[in-house]
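Undergrad: predicted structure and sequence below. I'll ask about it afterward.
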Amino acid sequence: MLIDQAEIYVRSGKGGDGMIHFHREKYVPRGGPDGGDGGKGGDVILEVKPTLNTLSSFRQKERYLAPDGKNGGPNNMSGKMGSDLVIPVPPGTVVFDAETGALLGDLTEAGQRLVVCKGGRGGRGNQHFATARHQVPRTAEKGEPAEEKRLRLELKLIADIGLVGVPNAGKSTLLSVLTNARPKIAPYPFTTLEPNLGVAQIDDATTVVLADIPGLIEGASQGAGLGFEFLRHVQRTRVLIHLLDGLSEDPLADFSQINTEMSLFDPNIAKKPQIVAVNKIDQPEVLERLPQLKRDLKKRGVTKLWEISALTRANVRELLLAAAERLADTPAIEDAEAPMPIYRPKEDPQEFTIQREDNGDWRVSGTAIERAAKMTYFEHSGSLRRFQRLMEALGVEDALRKAGVQNGDTVLIGDFELEWQD
């Protein structure tokens, strides 16, 4: 079964804590600071693995946690870095932030990587805070907190040529004739409930990838049936073979319906080159209606209507060669699309807000100040003074005074409660 959507939780590794420690050795009564640094936490990375073609692995596992960095040790020993967590995904995976809907990346090439959560840097040990005037620093940093996200993964099949048409038009049969694919085939609508891929040989040096897109129905662009799931795959293809069911009650209406649904879903789909073919010409009644169908389609801009029978293989090779020729003249999708976006935070990390809680406490919220609080050893006076200097540098102290904070008030920063003393 093709799984083309998944939602997962990812979290990078927290940075290891820096250590407060002083050198101890016989006959050296006043050893200097030698607290080691914490190791960096592991990143969470998505990497394209070309052997994958579905997102089915994310059904069994939905949480991905990278290892934390190890804490620093004495004698200036740095903690071990957490190894990166590499998650394989199939080519054609589009990555969104599940909470904000922001596009984080579009992964198409083998080996392509996207860092979705960066590991926290390791905290510095007290060896870094020694100065000529302050030779016994009781100051260090805890490791930077981990990043976490919920990701929505969508798979868009990457194919050169897409087969589109109403249900039961014969797309699966045509795909099986042209390629080595073995899709499920039966004489009733909606046999194909998932897209199928196949590779067709044009000549000794050229192959093309074809995708059988399941039959679209009226309202597919609004999600009717499995419309969104199917139309998403059409976006990837460069050339379309629009297959008409010669035995349909109204092939012309089918043609208009499919084009309308694709255009409503994505106007760019309507700009893709189309090769229109009518199937089942082995049936006498189809041959009878061909002249009128050609005239009607010509009025809609279709100057060439291919006549095929997927069942008897009549003209199917010629249809494939015509599609391959049109493909050679069509620029690659990558040339027309915007480059893969790079993940960056949208907001200034130094910005903060101050709110008064119902019980009178003050709540300070902001990326930088909350991260600094998590990285502070509040039990050590040196680290506490450093945090106070940081609050002053970020403008938090001035903002609290202007807001009306008083001695003895409680200031909440993240999970920490601090008492205000002016």
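TA: Happy to help now that I have it.
Undergrad: the residue nearest the centre of the chain and residue 49, how far apart?
TA: The centroid of the chain falls nearest to residue 95 when counting by Cα atoms, centre = their mean (1.0 Å). Applying Cβ to Cβ, to the nearest Å, the value for residue 95 to residue 49 is 15 Å. The way it works is simple: take the backbone N, C-alpha and C, and place the C-beta from them, glycine included.
Undergrad: residue 14 now?
TA: 27 Å.
Undergrad: try residue 148
TA: Residue 148 sits at a distance of 24 Å from residue 49 (criterion: Cβ to Cβ).
Undergrad: between those two, which one's more packed in?
TA: Counted by other Cβ atoms under 10 Å, residue 148 and residue 49 do not tie: residue 49 has more neighbours, with 16 against 12.
Undergrad: tell me the confidence at the closest residue to residue 148 other than its chain neighbours?
TA: The spatial neighbour of residue 148 that comes closest, neighbours along the chain excluded (Cβ to Cβ, 6 or more residues apart in numbering), is residue 11 at 4.1 Å. What the model reports as pLDDT for residue 11 is 97.
Undergrad: ok, now which ones touch residue 353?
TA: 364, 365, 366 (Cβ atoms under 8 Å, 6 or more residues apart in numbering).
Undergrad: which one of the residues you listed is nearest residue 59?
TA: Nearest to residue 59 among the contacts of residue 353, counting by Cβ to Cβ, is residue 365 at 36.2 Å.
Undergrad: for that closest one, give me phi and psi.
TA: Main-chain torsions, residue 365, degrees, to the nearest 10: phi -120, psi 130.
Undergrad: same question for residue 305.
TA: Dihedral pair for residue 305: phi -110, psi 120, per degrees, to the nearest 10.
Undergrad: could you measure from it over to residue 98?
TA: 45 Å.
Undergrad: and residue 389, by the same measure?
TA: Distance, residue 389 to residue 98, using Cβ to Cβ: 38 Å.
Undergrad: between those two, tell me which one has more neighbours.
TA: In terms of neighbours (other Cβ under 10 Å), residue 98 is the more surrounded of residue 389 and residue 98; the figures are 15 against 11.
Undergrad: list the contacts for the more buried one?
TA: Neighbouring residues of residue 98 by Cβ under 8 Å, 6+ apart: 7, 149, 150, 151, 152.
Undergrad: separation between residue 375 and residue 105?
TA: For residue 375, the distance to residue 105 - Cβ to Cβ - is 28 Å.
Undergrad: with neighbour numbers in mind, choose between those two.
TA: Taking neighbours as other Cβ under 10 Å, residue 375 and residue 105 compare with residue 375 leading, 25 against 21.
Undergrad: per-residue pLDDT, the more buried one?
TA: pLDDT, read off for residue 375, is 90.
Undergrad: surely it meets residue 139?
TA: No. Between residue 375 and residue 139 there is no contact under Cβ atoms under 8 Å: 11.6 Å.
Undergrad: picking that back up, which element is the residue nearest to the centre of the chain on?
TA: Using DSSP states H and E, residue 95 sits within strand 93-97.
Undergrad: give me the distance from that strand to the chain's centre.
TA: On the basis of Cα atoms, centre = their mean, to the nearest Å, strand 93-97 sits 2 Å off its chain's mean C-alpha point.
Undergrad: again with stretch 90-101
TA: 3 Å.
Undergrad: equivalent analysis for stretch 7-21, please.
TA: For stretch 7-21, the separation from the chain centroid amounts to 22 Å (computed by Cα atoms, centre = their mean).
Undergrad: now do the buried residues in the helix or strand where residue 261 lies.
TA: Taking DSSP H and E as the criterion, residue 261 maps to helix 251-265. Of all the residues in helix 251-265, those buried under the rule 16 or more other Cβ atoms under 10 Å are 251, 254, 255, 257, 258, 259, 261, 262, 264, 265.
Undergrad: can I get those in a markdown table with distance to residue 325 and pLDDT?
TA: Output for the buried residues of helix 251-265, formatted as a markdown table (distance: Cβ to Cβ, whole Å; pLDDT from 0 to 100):
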| residue | distance to residue 325 | pLDDT |
| --- | --- | --- |
| 251 | 25 | 91 |
| 254 | 25 | 88 |
| 255 | 22 | 91 |
| 257 | 28 | 85 |
| 258 | 23 | 85 |
| 259 | 22 | 85 |
| 261 | 27 | 77 |
| 262 | 22 | 80 |
| 264 | 29 | 80 |
| 265 | 27 | 74 |
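Undergrad: which of these lies closest to residue 400?
TA: If you rank the buried residues of helix 251-265 by distance to residue 400 using Cβ to Cβ, residue 265 comes first, at 51.2 Å.
Undergrad: state the distance from the closest one to residue 136.
TA: According to Cβ to Cβ, residue 265 and residue 136 sit 68 Å apart.
Undergrad: I'd like to know which elements the strand or helix carrying residue 399 is packed against.
TA: Of the helices and strands defined by DSSP H and E, residue 399 is found in helix 396-403. Contact here means 3 or more Cβ pairs under 8 Å, 6 or more residues apart in numbering; DSSP states H and E; on that basis helix 396-403 packs against strand 353-356, strand 362-365, helix 381-394.
Undergrad: buried deepest among the ones you listed, which one?
TA: strand 362-365 (a mean of 18; mean count of other Cβ atoms under 10 Å).
Undergrad: quick check on residue 81: phi, psi?
TA: phi -70, psi 140.
Undergrad: so it sits against residue 39, correct?
TA: Yes. Here residue 81 reaches residue 39: they are 4.2 Å apart, a contact under Cβ under 8 Å.
Undergrad: coming back round to it: out of the helices and strands packed on helix 396-403, the one nearest residue 200 is which?
TA: strand 362-365 (57.0 Å).
Undergrad: pull up the pairing partners for the closest one, direction included.
TA: strand 353-356 (antiparallel), strand 410-413 (parallel) (DSSP bridges).
Undergrad: wait, which of the ones you listed is closest to residue 25?
TA: Ranking those by proximity to residue 25 (Cβ to Cβ) places strand 410-413 first, at 39.2 Å.
Undergrad: the domain parsing of this protein - what is it?
TA: For the chain, automatic domain parsing gives the domain ranges 1-155, 161-336, 353-419.
Undergrad: what's the closest non-adjacent residue to residue 357?
TA: Spatially, and ignoring its direct neighbours in sequence, residue 357 is nearest to residue 363 (5.6 Å; Cβ to Cβ, 6+ apart).
Undergrad: pLDDT value on the one you found, please?
TA: Note on residue 363: pLDDT of 93.
Undergrad: contacts only, for it.
TA: Counting by Cβ under 8 Å, 6+ apart, residue 363 has contacts 354, 355, 356, 357, 412.
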